[in-house]
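In: Task: produce atomic coordinates for the following.
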Amino acid sequence: MATDLPPPYTALTRHPMMPRASHDEAARFNFLTHFNRYLSGPIGHGNRLAYETRVLPAFRAEHGREPQHRYEIRDAMNRDPWHRAWSTLKRNSMEMRQHNGRQVVLRQLDELDARARALNDASGQLELDPAIRQPDYQTVVDVHCQPGGYHGEERPGDVSAGANYDVGIFATTGGALGGLTDGGGQAVVAWVQQQHPGWRPRRILDVGCTVGHNAVPIAQAFPEAEVVAIDTAAAALRYGAARAAGLGVRNIRFVQADAEDLSRWADAHFDWVQTTMFLHELSAGSMPRILAEAHRVLAPGGLILQVEQPQFTEDMPLFEQFLRDWDTFNNNEPFWSSMHAQDIHDVMERAGWPRERQFVAAVRAVVDRSRFPGSPAGPQEDFGRAAIWNAYGAWKQAQPRDLAGEQTA
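Out: Prediction:
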């Protein structure tokens, strides 16, 4: 019988760098996985009921009009007991996920650090630069409630941030991204192979790679390509490079670099520049500079593809905007709201991609259905955890004939 239950934590792929969870730690992750799915589905649906039956009628009675902005809905919903309870549970679920992941990692950190050093020394796929500073806007909060964010260290040179991210994201997403939590990268690969089966990029740049869970599938799908995965967070890169080496992926390098300054690479160096759920982590000032650098290093005829949640537009109902905006105020995502409210096509145009060269494509997480029969979560998933995204892309300069056909922006 079909089921929408998430897969068990034991369905995770046990690559060499994955921290080993004890029976009780795995049980906690299983609880959180089901809890997140439950909050996204049956409990989450109560938000709409509360809005339609209580909050919206009260707003109309008080103001004599309909809400005009998602912030008005937020202010009204924050006074509703159901939504307040739901928000508290969601926030607590994220904090519990981070605490459990942190416990798993810290009790075996010596072993993880030693394994990472051995794998990275043998592979030569890690390039760190101590001169690279973590952007100030990334240090104002613990992003996603992860202690220290993605760049924090328990001690110099460790892999704690990357290991915590990898061991717990399965619970955060309800298992919807597959055994290696690489459903985003798999989605991009599936789209490229379906839309442009003859395309063979030689050099690929993945920006904001974290632990490489989205870059590695791209490297595996294009084994003859040179893939460069960059991030400013050394702790995540140490883990990510070791993870890739442990998985046997050799055509990828993890480089510590700030995407606002890609001067180490010449103009037109890459055939494909990729970001996956990265733009919403950027400040309003940094995003245009990063996109301008991406345009500079992209070769004529090359592709930029940026996977993100859909932008807030006039076509998106205000209530949906409000729900999608929850992470801004409750999940330590300070730039989420402003980023998704921007006209991304205008930002890309100012960075060098004319609108007529831009397109929007729908991509959906790809998982092993034999092991994950209930994934992705489908229509019941909440908007902040969706496994269905928009890809905002463009081909630089004139498109070859076999690269046409996307929906233009």
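In: Show me the shaky parts of the chain.
Out: 1-4, 367-387, 398-409 (pLDDT under 70).
In: From C209, how far out is the residue nearest to the spatial centre of it?
Out: Note on the chain: the residue nearest the mean C-alpha position is M277, at 3.5 Å, using C-alpha atoms, centre = their mean. Plainly put, M277 is 11 Å away from C209 if you go by C-beta to C-beta, to the nearest Å. Every residue, glycine included, has its C-beta placed from N, CA and C.
In: Determine the three-state secondary structure at the nearest residue to P67 once chain neighbours are set aside.
Out: Using C-beta to C-beta, 6 or more residues apart in numbering and skipping residues adjacent in sequence, the residue nearest P67 is I73, 5.0 Å away. Following DSSP: H, G, I helix; E, B strand; the rest coil, I73 is assigned to helix.
In: What of A362?
Out: Per three-state DSSP, the local secondary structure of A362 is strand.
In: Please identify the helix or strand for D267.
Out: Taking DSSP states H and E as the definition, D267 sits outside all helices and strands.
In: tell me which strands and helices the helix or strand hosting A391 is in contact with?
Out: Secondary structure assignment for A391, by DSSP H and E: strand 388-395. Packing contacts for strand 388-395, counted by 3 or more C-beta pairs under 8 Å, 6 or more residues apart in numbering; DSSP states H and E, involve helix 183-195, strand 298-308, helix 344-351, strand 358-364.
In: which of the residues in the shortest one are buried?
Out: For strand 358-364, a neighbour-count test (16 or more other C-beta atoms under 10 Å) marks Q358, F359, V360, A361, V363, R364 as buried.
In: ok, it: who's next to it in the sheet?
Out: Looking at strand 358-364 with DSSP bridges, its partner strands are strand 388-395 (antiparallel), strand 407-408 (antiparallel).
In: Would you map the strands across the chain?
Out: Using DSSP state E, the strands found in the chain span residues 126-127, 203-207, 226-231, 252-256, 270-276, 298-308, 358-364, 388-395, 407-408.
In: List the contacts of D129.
Out: Taking C-beta atoms under 8 Å, 6 or more residues apart in numbering, we find D129 in contact with V255, Q256, A257.
In: Tell me how far it lies from H83.
Out: 45 Å.
In: same question, P317
Out: From P317 to H83 the distance is 17 Å (C-beta to C-beta).
In: and if you look at A362?
Out: Taking C-beta to C-beta, one finds A362 at 29 Å from H83.
In: try H15
Out: 39 Å.
In: Those two: who's more crowded?
Out: Taking other C-beta atoms under 10 Å, H15 and H83 do not tie; H83 has more neighbours (22 against 17).
In: Identify the residue spatially nearest to that one, adjacent ones excluded.
Out: M77 (4.5 Å).
In: Contacts only, for the one you found.
Out: M77 neighbours (C-beta under 8 Å, 6+ apart): N47, A50, Y51, V55, H83, F322.
In: Go through those residues and flag which are in helices.
Out: N47, A50, H83, F322 (DSSP state H).
In: Rebuild those as TSV, extending it with distance to E308.
Out: Formatted as TSV, the ones in helices among the contacts of M77 follow (distance: C-beta to C-beta, whole Å):
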residue	distance to E308
N47	23
A50	28
H83	25
F322	18
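In: ok, those vs P354, which is closest?
Out: F322 (33.3 Å; C-beta to C-beta).
In: thinking the closest one is in contact with I73, fair?
Out: Yes - between F322 and I73 a contact is recorded at 4.3 Å, counting by C-beta atoms under 8 Å.
In: can you pull the contacts of E153?
Out: Going by C-beta under 8 Å, 6+ apart, the list of residues near E153 reads S160, A161, A234, A235.
In: quick one: it from A233, how far?
Out: Separation of E153 from A233 (C-beta to C-beta): 10 Å.
In: quick one: common contacting residues for those two?
Out: A161.
In: ok, the residue nearest to P67 - contacts?
Out: Contacts of I73 by C-beta under 8 Å, 6+ apart are Y51, V55, P67, L318, F319, Q321, F322.
In: repeat for M96
Out: R28, L32.
In: Distance of it relative to T328?
Out: 21 Å.
In: got it, and E356?
Out: E356 is 32 Å from T328, by C-beta to C-beta.
In: The two: which has the busier surroundings?
Out: More neighbours surround T328 than the other of E356 and T328, with 19 against 11 (other C-beta under 10 Å).
In: so who does the more buried one touch?
Out: P334, F335, W336, S337.
In: Among those residues, which ones are in helices?
Out: W336, S337.
In: Let me have the contacts of T328 in TSV, adding distance to D343 as columns.
Out: As requested, the contacts of T328 are exported to TSV (distance: C-beta to C-beta, whole Å):
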residue	distance to D343
P334	20
F335	16
W336	16
S337	15
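In: Reformat the contacts of T328 as TSV; add neighbour count and distance to A190.
Out: Formatted as TSV, the contacts of T328 follow (neighbours: other C-beta atoms under 10 Å; distance: C-beta to C-beta, whole Å):
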residue	neighbour count	distance to A190
P334	19	32
F335	20	28
W336	21	26
S337	20	30
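In: burial of L247, as a residue count?
Out: Taking other C-beta under 10 Å as the criterion, the count of residues near L247 is 19.
In: and the gap between the closest residue to it other than its chain neighbours and L180?
Out: Residue nearest to L247 in three dimensions, not counting chain neighbours: H15, with 5.3 Å by C-beta to C-beta, 6+ apart. In this view, H15 and L180 are 7 Å apart by C-beta to C-beta.
In: any shared contact partners between the two?
Out: With C-beta under 8 Å, 6+ apart as the test, H15 and L180 both reach L247.
In: buried stuff in stretch 202-219?
Out: Across stretch 202-219, burial judged by 16+ other C-beta under 10 Å covers 203-219.
In: my bad, should have said stretch 220-229
Out: Those would be Q220, A221, F222, A225, E226, V227, V228, A229, for stretch 220-229 by 16+ other C-beta under 10 Å.
In: before we move on, the earlier item: closest one to A299 among the strands paired with strand 358-364?
Out: Among these, strand 388-395 comes nearest to A299, with 10.6 Å by C-beta to C-beta.
In: Let's see the closest one as PDB, backbone CA atoms only.
Out: C-alpha atoms of strand 388-395 as PDB (Å, rounded to 0.1, in the frame of the first residue of the first chain):
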ATOM      1  CA  ILE A 388      10.500  21.100  -5.900                       C
ATOM      2  CA  TRP A 389      12.400  24.200  -7.000                       C
ATOM      3  CA  ASN A 390      12.800  26.800  -9.700                       C
ATOM      4  CA  ALA A 391      16.000  27.100 -11.600                       C
ATOM      5  CA  TYR A 392      16.800  30.600 -12.700                       C
ATOM      6  CA  GLY A 393      19.200  30.200 -15.600                       C
ATOM      7  CA  ALA A 394      20.800  31.800 -18.700                       C
ATOM      8  CA  TRP A 395      23.000  30.900 -21.500                       C
END
